[in-house]
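J.: dropping a prediction and its sequence here:
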Amino acid sequence: MNWMNPVRNSPPQRPFGRASAGAISNGMKKVVTIGGGTGSYTILRGLKKFPLDITAVVTTFDSGGSTGALRDEFGILPPGDIRRCLIALSEGKKRQVLRDLFNYRFDQKGSPLHGHSFGNLFLLALSSIYGSEIEGIRKASQLLNLKGRVLPVSLDNSHVHATLEDGTEIVGEANIDVPKHNGDLKIASVTLKPVAHIFDETKDAIREADLIVIGPGDIYTSIIPNFLVEGMKEALRESRGKTVVICNLMTKWGETNGSVASSMIAELLVYSGLSKFDYAICNTKEMDAGLVAAYADEKKYPVHCDAALKEYAREIITGDFYSELDIARHDSEKIGKAVAELE
């Protein structure tokens with residue numbers, strides 16, 4: 001595919017720097033990621049190995065599982081995606097122990113803790129002790145010795161609403177993520193209700209970024225909700241940073257059925273308010289046939305990196321960004337290196 005550009009050669013590596021939560025970058029390139037879920041977790045694990053000042057902007061509109069239960073009972077920000085990003089950026093000798101602890105999920109049936117993640121409960125406790133969710137996140141960041149910082153996209157309590165092509169409205173991220181409706185129906189539009197506003201520190205981070213990384217992740221439940229908060233489009237337009245979008249590896253039933261890379265990226269542009277991304281990174285390595293067959297049982301299929309993608313990004317970067325695991329996931333080191341080398 002000669003219309004695409006190969007991944008560039010790695011520049012000489014400088015000693016790794018460290019940017020603590022809220023710290024000034026000391027000359028390091030400021031990278032802001034926007035997303036949520038395992039996509040942000042994977043990207044952040046790769047980025048932290050490079051001398052970058054990293055800020056993870058995380059969606060705060062999840063409504064399922066432990067996150068949804070704590071949100072409903074205590075009225076807090078959904079902690080799940082924030083917890084994942086904190087773990088991804090954690091450093092130090094105790095990182096593995098703390099990671100295992102934060103990821104631990106109580107599975108004793110009949111217990112009121114059943115299904116809850118320890119990390120979610122820990123963030124709830126910190127928020128209660130220190131008076132707000134943002135202070136809870138800051139204290140957790142100190143404990144986990146973060147290389148970078150994690151910021152919620154908004155502090156407002158809002159839910160994702162999706163309107164399907166037949167006019168049906170689906171309320172709540174969890175109901176969109178795991179369809180109880182006919183998942184063959186396409187999503188026509190998504191909104192936030194009530195209106196949510198961008199967190200001031202998040203707005204400043206985006207405006208000051210050198211590079212803004214969008215995705216990968218579920219298009220309508222992990223990425224687009226970030227663009228729906230009041231003030232996000234303005235922050236993106238006012239930012240001096242270049243934008244890079246990471247194409248998903250797989251389609252998702254109920255969200256992106258039959259989509260190719262260009263159609264997904266075009267949808268992100270509509271909601272972001274941008275006219276074009278500066279870079280798009282798309283995996284072109286063929287996946288294991290057995291893995292593809294297993295995902296097909298869930299009506300999920302590899303995303304085709306099509307030629308029309310060049311209409312939505314100024315430069316297309318293709319190559320092997322796939323992890324050789326028994327799940328379809330980007331390789332943290334490969335994708336982190338590709339992003340870190342962008343100028």
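T.: Perfect, thanks for sending it.
J.: who's Val244 bridged to?
T.: Val213, Tyr279 (DSSP bridges).
J.: next, count neighbours for it.
T.: Counted with other Cβ atoms under 10 Å, residues neighbouring Val244 total 23. Quick note: C-beta positions are derived from backbone N, CA and C, even for glycine.
J.: again with Leu77
T.: Other residues near Leu77 number 29, with proximity taken as other Cβ under 10 Å.
J.: phi first, then psi, for it.
T.: Main-chain dihedrals, Leu77, degrees, to the nearest 10: phi -60, psi 140.
J.: contacts only, for His161.
T.: Residues in contact with His161, defined by Cβ atoms under 8 Å, 6 or more residues apart in numbering, are 169-171, 190-193.
J.: so where's the stretch 51-200 of the chain uncertain?
T.: Residue ranges of the stretch 51-200 of the chain with pLDDT under 70: 67-68, 72, 114.
J.: same thing but 80
T.: Low-confidence segments of the stretch 51-200 of the chain, defined by pLDDT under 80, span residues 64-76, 92-95, 108-116.
J.: residue boundaries of the helices in it?
T.: Using DSSP state H, counting those that start in this stretch, the helices of the stretch 51-200 of the chain run over residues 65-74, 80-89, 95-103, 118-130, 133-144, 173-177, 200-208.
J.: for the fourth one, buried residues please.
T.: To tie it back to what came earlier, the one meant is helix 118-130. Taking 16 or more other Cβ atoms under 10 Å as the neighbour-count basis, helix 118-130 is seen to contain the buried residues 118-124, 126-127.
J.: what's the answer for the third one, then?
T.: Using 16+ other Cβ under 10 Å as the test for burial, helix 95-103 gives 98-99, 102.
J.: measure how that helix sits relative to helix 80-89, angle-wise.
T.: Between the axis of helix 95-103 and that of helix 80-89 there is an angle of 170 degrees, by axes from the mean of the first three to the mean of the last three Cα atoms, to 10 degrees.
J.: likewise the longest one?
T.: Taking the same axes, to 10 degrees, one finds that helix 118-130 is oriented at 100 degrees with respect to helix 80-89.
J.: follow-up on the earlier one: got a markdown table for the buried residues of helix 118-130, with distance to Pro179 too?
T.: Conversion of the buried residues of helix 118-130 to a markdown table gives the following (distance: Cβ to Cβ, whole Å):
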| residue | distance to Pro179 |
| --- | --- |
| Phe118 | 29 |
| Gly119 | 27 |
| Asn120 | 24 |
| Leu121 | 29 |
| Phe122 | 31 |
| Leu123 | 28 |
| Leu124 | 29 |
| Leu126 | 34 |
| Ser127 | 31 |
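J.: looking at the residues you listed, which one is closest to His159?
T.: For His159, the nearest member of those is Asn120. The distance, counting by Cβ to Cβ, is 18.3 Å.
J.: isn't that closest one up against Arg83?
T.: Yes - judged on Cβ atoms under 8 Å, Asn120 makes contact with Arg83 at a distance of 5.9 Å.
J.: show me which positions of the helix or strand in which Glu234 is found end up buried.
T.: Secondary-structure assignment from DSSP states H and E places Glu234 in helix 232-238. When neighbours are counted by 16+ other Cβ under 10 Å, the buried residues of helix 232-238 are found to be 232-233, 235-236.
J.: tell me which two of these sit farthest apart.
T.: Based on Cβ to Cβ, the longest span within these runs between Lys233 and Ala235 and measures 7.3 Å.
J.: anything in contact with each of these two?
T.: Jointly contacting Lys233 and Ala235 under the rule Cβ under 8 Å, 6+ apart is no residue at all.
J.: go ahead and confirm Tyr295 touches Ala328.
T.: Yes - contact status for Tyr295 versus Ala328: in contact at 6.2 Å, counting by Cβ under 8 Å.
J.: gap between Cys85 and Tyr41?
T.: Using Cβ to Cβ, to the nearest Å, one obtains 6 Å as the distance from Cys85 to Tyr41.
J.: these two: who's more crowded?
T.: Here Cys85 and Tyr41 are set side by side on neighbour count (other Cβ under 10 Å), and the busier one is Cys85, at 30 against 22.
J.: report the contact partners of the more buried one.
T.: By Cβ under 8 Å, 6+ apart, Cys85 lies in contact with 40-41, 44, 56, 58, 150.
J.: same list (those) but as a markdown table, adding distance to Ser90.
T.: A markdown table is the format used below for the contacts of Cys85 (distance: Cβ to Cβ, whole Å):
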| residue | distance to Ser90 |
| --- | --- |
| Ser40 | 14 |
| Tyr41 | 11 |
| Leu44 | 10 |
| Ala56 | 12 |
| Val58 | 15 |
| Val150 | 10 |
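J.: most widely separated two among these?
T.: Comparing all pairs in the contacts of Cys85 by Cβ to Cβ, the longest separation belongs to Tyr41 and Val150, at 11.0 Å.
J.: quick one on the thing from earlier: how about the helices of the stretch 51-200 of the chain in JSON lines, adding distance to Gly217?
T.: Rendered in JSON lines, the data for these read as follows (distance: least, Cβ to Cβ, whole Å):
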{"stretch": "helix 65-74", "distance to Gly217": "15"}
{"stretch": "helix 80-89", "distance to Gly217": "9"}
{"stretch": "helix 95-103", "distance to Gly217": "19"}
{"stretch": "helix 118-130", "distance to Gly217": "19"}
{"stretch": "helix 133-144", "distance to Gly217": "20"}
{"stretch": "helix 173-177", "distance to Gly217": "11"}
{"stretch": "helix 200-208", "distance to Gly217": "17"}
